[in-house]
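Visitor: Sequence and predicted structure below; questions after.
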Amino acid sequence: MRIQEIRKRFSAFCRPGLVALVGVVLVGTAFGADREQIRIVGSSTVYPFSSAVAEEFGKTTRFQTAVVESTGSGGGHKLFGAAVGLDTPDITNSSRPMKVSEFERSQENGVKNITEAVIGYDGIAVAQNINNAPVALSLKHLTLAVAAEVPDPAGSGRLVPNPYKFWDDIDRSLPHRSIKIYGPPTTSGTRDAFHELCLEKATEEMSEYGEAYTKVRQDGIWVDSGENDNLIVQKLTQDASAFGVFGFSFLEENRDKIRGASIDGVEPKFDTISSGDYPLSRSLFFYIKNDHLGSVPGLDEYVKLFMSDRMIGKNGYLTKIGLVPLPDNLRAASQERVLNFVPLTLEGGRLSTLEEYAKQKDLVTK
């Protein structure tokens, strides 16, 4: 199934009035005590990739197509970590690493054996209607546009409620357009990553804050737009003055309608995301509830298909629909780590990482 069709179906799925009904059906069926389908929740950014694998899995194996639901990364971790049992998800997709607090909650609820799969890279695009002139933004520009409090423009050295209404209020080099940004809600991993990669990084460089700052203004400038990034793309085609914040794959699929802004002089492209030069680059993940292996038909096989070069390799299918592949050494380390179902561990207040695993296995680039 083409990615456009997957997204079209998902957009229809998210129409008002259907969500509650579908939720009831899912709870009553896919979460049933005896089920034949893999149950997947989580990130809207990872959703298209996971759905593509699920479709291929259903077509090419003896198992039923996995059920994939977009709940946002935070919502997915909450469902995933609630308990072990066939009334809970087997996998949660995530566009940011699992938080220590989520891991600890899972452990307390009996979900003690979790494997982290790193599948590739993605960038957070800041995009606008294609009919607008190109715009060059910086992390500081974006932060001053969306932060609830900003350094006093009068120079008092204090933080004040954000007064900026137009982009050229922030910097005269920017267009005289009202600041309006359609972005992901607080349950989204994209929102978490935007906080970390943009707001935290920029405010650490501004002495007025004293520490990293992530509070977003709530005066209508930033508009929470749900867990379906494709809906934000649609809004940009209708609202030429606005910007949208979403996963790079949605920019890549819609370059005939929207254009990405450069960030700190770097364009959002495959090569700049893969190299890490694009400031809003990030890794994508899914997490496996290992206690469900052997209980849910096809779970092992689904994981193997997802982690195969056929899907996440340099010329894999998912790279054709927007996934930026891992370097060879890290991809090999991720495949080995996942296919051996190596569990996440918590030491010194930090969760184990793929990079640490690669180093231990001498799979780092010399």
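Guide: Arrived safely. Residues are numbered from 1 along each chain as shown.

Visitor: rest of the way, CA atoms for contacts and neighbours
Guide: OK.

Visitor: What lies in contact with stretch 293-313?
Guide: 35-38, 50, 53-54, 57, 63, 86, 90, 119-120, 292, 315-319, 323, 325-326, 331, 335, 338-339 (CA atoms under 8 Å, 6 or more residues apart in numbering).

Visitor: Off-centre distance for that stretch?
Guide: 20 Å (CA atoms, centre = their mean, to the nearest Å).

Visitor: Buried residues, that stretch. List them.
Guide: Of all the residues in stretch 293-313, those buried under the rule 16 or more other CA atoms under 10 Å are 296-300, 302-303, 305-309, 311-313.

Visitor: end-to-end on it?
Guide: Using CA to CA, to the nearest Å, the end-to-end distance of stretch 293-313 comes out at 25 Å.

Visitor: ok so, going back, max pairwise distance over the buried residues of stretch 293-313: which two?
Guide: Greatest spatial distance among these (CA to CA): Val296 and Gly313, at 26.4 Å.

Visitor: Check which helix or strand Ile124 maps to.
Guide: strand 114-129 (DSSP states H and E).

Visitor: Next, the buried residues of that strand.
Guide: Buried residues in strand 114-129, counting neighbours by 16+ other CA under 10 Å, are found at 114-129.

Visitor: For these, which two are the farthest from each other?
Guide: Comparing all pairs in the buried residues of strand 114-129 by CA to CA, the longest separation belongs to Ile114 and Asn129, at 41.1 Å.

Visitor: can you tell me which of the buried residues of stretch 293-313 are in strands?
Guide: Using DSSP state E, no member of these falls in strands.

Visitor: Keep only those of those residues that are in helices.
Guide: Leu299, Asp300, Tyr302, Val303, Leu305, Phe306, Asp309, Met311, Ile312 (DSSP state H).

Visitor: Could you dump those into JSON lines and include distance to Arg350 and pLDDT?
Guide: Converted to JSON lines, these look like this (distance: CA to CA, whole Å; pLDDT from 0 to 100):
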{"residue": "Leu299", "distance to Arg350": "28", "pLDDT": "97"}
{"residue": "Asp300", "distance to Arg350": "27", "pLDDT": "97"}
{"residue": "Tyr302", "distance to Arg350": "28", "pLDDT": "98"}
{"residue": "Val303", "distance to Arg350": "25", "pLDDT": "98"}
{"residue": "Leu305", "distance to Arg350": "29", "pLDDT": "98"}
{"residue": "Phe306", "distance to Arg350": "26", "pLDDT": "98"}
{"residue": "Asp309", "distance to Arg350": "29", "pLDDT": "98"}
{"residue": "Met311", "distance to Arg350": "30", "pLDDT": "98"}
{"residue": "Ile312", "distance to Arg350": "27", "pLDDT": "98"}
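
Visitor: Output these in CSV, with distance to Asp229 appended to each entry.
Guide: Below are these laid out as CSV (distance: CA to CA, whole Å):
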residue, distance to Asp229
Leu299, 27
Asp300, 29
Tyr302, 25
Val303, 25
Leu305, 25
Phe306, 22
Asp309, 26
Met311, 22
Ile312, 22
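
Visitor: Can you check my assumption that Thr187 lies in a helix?
Guide: No: Thr187: not assigned to a helix; according to DSSP: H, G, I helix; E, B strand; the rest coil it is coil.

Visitor: ok, how many other residues are close to it?
Guide: Residues near Thr187, counting by other CA atoms under 10 Å, number 19.

Visitor: pretty sure it is touching Lys78, no?
Guide: No: in this structure, Thr187 is not within contact of Lys78 by CA atoms under 8 Å, at 10.1 Å.

Visitor: how about the helices in the stretch 151-300 of the chain?
Guide: 167-170, 189-194, 201-204, 229-238, 248-253, 270-275, 299-306 (DSSP state H, counting those that start in this stretch).

Visitor: Tell me how far the longest one lies from the chain's centre.
Guide: So the one you mean is helix 229-238. Counting by CA atoms, centre = their mean, helix 229-238 comes out at 17 Å from the chain centroid.

Visitor: ends of stretch 326-345, how far apart?
Guide: 22 Å.

Visitor: So what touches it?
Guide: So stretch 326-345 is contacted by 113-121, 274, 290, 303-304, 307-308, 313-314, 325, 351-352, 354-355, 357-358, 361, 363-365 (CA under 8 Å, 6+ apart).

Visitor: which one is Ser188 nearest to, not counting chain neighbours?
Guide: Gly72 (4.6 Å; CA to CA, 6 or more residues apart in numbering).

Visitor: how is the protein carved up into domains?
Guide: 3-122+282-360, 123-280 (automatic domain parsing).

Visitor: these two touch, right, Lys257 and Asn129?
Guide: Yes: here Lys257 reaches Asn129: they are 6.3 Å apart, a contact under CA under 8 Å.

Visitor: anything in contact with each of those two?
Guide: Common neighbours of Lys257 and Asn129 (CA under 8 Å, 6+ apart) are Thr237.

Visitor: how about Val160, what does it touch?
Guide: Glu149, Val150, Pro151, Asp152.

Visitor: ok, these vs Leu174, which is closest?
Guide: Nearest member of these to Leu174, counting by CA to CA, is Val150, at 18.0 Å.

Visitor: Residues touching the strand or helix carrying Ala358, excluding its own?
Guide: Assigned by DSSP H and E, Ala358 belongs to helix 354-360. Helix 354-360 is contacted by residues Val118, Asn329, Leu330, Ala333, Ser334, Arg337, Val364 when judged by CA under 8 Å, 6+ apart.
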